[in-house]
Every structure is written in C-alpha cells, then in structure tokens.
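Chemist: let me see the structure of the following:
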Amino acid sequence: MTKLIIFDLDGTLLNTINDLATATNYALTENGFPTHPVEAYNFFVGNGIHKLMERALPQEARSEEQILRIKAAFLLFYEAHKRDLTEPYKGIPELLLELQAKGIKLAVASNKYHLATQKLVTSYFPNIHFEAVLGQRENIAIKPDPTIIEEIVTVCNVEKKEVLFVGDSGVDMLTAQNAGVNSVGVTWGFRLEKELKAFSPTHIVTNPDEIRQLVASSFHWNEQKKS
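Modeler: A predicted model of the protein is given here:
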C-alpha cells in the first residue's frame, strides 16, 4: 500500500522551463555568449544548476570560472523572475489535494537549488502539507544519488515498499532504483518517454489522474488481500 509519494519538481509538478530558459539566456547574454531556444533547455536541466550552466555555455568556454560567473548572473535574475511563466501542470493541484485528503504523505525531492525549491512549492501549493521539501543543498549529493530519497523516507517513517517516487527524467528513474523504491515516470515533463523506458520505471503515466488510479489500486489490492 502506498503511504508516501515523493515528487520531483521541475517537469513533474511545475512547468518551469520557460523561466529557466529566460534566466539562463539572460546570464549568457550578459556575459557575451550565444543563447538557446527554449526547447533546448528540456535537455539542459535535470542535474542541478551547475550542470545547467555548463551545458548552456559553448564547449570551449566551460571553465569553472565561467560557469560560476554565469551561475551568479542566473541566480540574480531567476530569483526575481522565477514565477513569470511557471505554472503547475494541468491536474496536479487537484491530484495533490486528493492524495492529501486520503492521508497519503507527500514530499518533494528536486535538483533545483534548495531555496527556490521551497519558495516555488510554498507559492504554488499553499494548501498542501508536504512532509519534506528538499532541493540541492551544499555538500549533499544530488540525484541520482539516493541520499535525498532516503532522507525523506526516514523523516516520514515509512518502509521503502510503501513509497512512490514520481519524476519526468531518466535521472529520477535511476534515483528511485538507487534508493530501492518504486518509480513513476511522467510523460508530460521535459524528457521523452523513451528516456524513461530506458531506466525501466515501475510505472509510466501520461496524466496526473493515472497516479491517483495507481494509489487507489494499491489500497484496493491491500483490502482484497486482507479479506
């Protein structure tokens, strides 16, 4: 029976790609580098802010110094504009409210830097109680390292077999594997379905209501087993 669902943020709960692309392109322009179309950022994001800056820079300019310079400009702009174009995916607010009403514990595990992760979750989902909202933090390994998932599982005091980790990328599916929890790959996010399938997720869903159905079936199966 599912007792805890951990969600990735970008590409899973929120469509943040336009604001991420705008902020990165701003940082690139400010430092004299070429920009990229928004759709290119679907494949730049997912491994934390440092890797995003590295991927956005021309290959010959990917020194640590340049990455840090671009990152600083990005952070200043993104902090002021992270809600300009960002919005929840259709059906996500309703799904979270229903899961909460059914007593399912909810959490967020993101590779977005921690402060922005917390601010966005609080802003877009004010009526949802999350047991934990964790982003990228200093000296803590990011996904696909399982540390963030294991930390949340411990806080929530559940068994790993009772956990679903929901995400939109191969990084998320690999994170679930590394943590020993079931995974749900969503096809509405930033990455292609073939990437999800390459990491053998436990489930693939095409809309948020299918997550509700997965949870409902786990309760139903448990009730049948007891009877």
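
Chemist: what about the nearest residue to residue 62 once chain neighbours are set aside, how many residues nearby?
Modeler: Nearest non-adjacent residue to residue 62, counting by CB to CB, 6 or more residues apart in numbering: residue 54, 5.3 Å away. (Glycine included, C-beta is placed from N, CA and C.) Neighbour count for residue 54, taken as other CB atoms under 10 Å: 20.

Chemist: element containing residue 54, please.
Modeler: Per DSSP states H and E: residue 54 is located in helix 49-56.

Chemist: where do the strands sit along this protein?
Modeler: For the chain, strands defined by DSSP state E occupy the ranges 4-7, 14-15, 87-88, 105-113, 132-136, 163-167, 182-186, 203-205.

Chemist: list the buried residues in the first one.
Modeler: In other words, strand 4-7. Using 16 or more other CB atoms under 10 Å as the test for burial, strand 4-7 gives 4, 5, 6, 7.

Chemist: packing partners of it?
Modeler: Contact here means 3 or more CB pairs under 8 Å, 6 or more residues apart in numbering; DSSP states H and E; on that basis strand 4-7 packs against strand 105-113, helix 147-156, strand 163-167.

Chemist: please produce a markdown table containing the ones you listed, extended by mean pLDDT, mean neighbour count and distance to residue 62.
Modeler: Output for those, formatted as a markdown table (pLDDT from 0 to 100; neighbours: other CB atoms under 10 Å; distance: least, CB to CB, whole Å):
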| stretch | mean pLDDT | mean neighbour count | distance to residue 62 |
| --- | --- | --- | --- |
| strand 105-113 | 98 | 24 | 19 |
| helix 147-156 | 98 | 19 | 26 |
| strand 163-167 | 98 | 27 | 26 |
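
Chemist: hmm, back to that, make TSV out of the strands of the chain and add distance to residue 31.
Modeler: Below are these laid out as TSV (distance: least, CB to CB, whole Å):
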stretch	distance to residue 31
strand 4-7	34
strand 14-15	27
strand 87-88	29
strand 105-113	20
strand 132-136	22
strand 163-167	31
strand 182-186	34
strand 203-205	39
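
Chemist: thinking again about what came up before, and the gap between the residue nearest to residue 62 and residue 63?
Modeler: Distance check for residue 54 against residue 63: by CB to CB, to the nearest Å, it reads 10 Å.

Chemist: sorry, back to before: out of the strands of the chain, flag the one nearest residue 58.
Modeler: Set against residue 58 and scored by CB to CB, those come closest in strand 105-113, at 23.1 Å.
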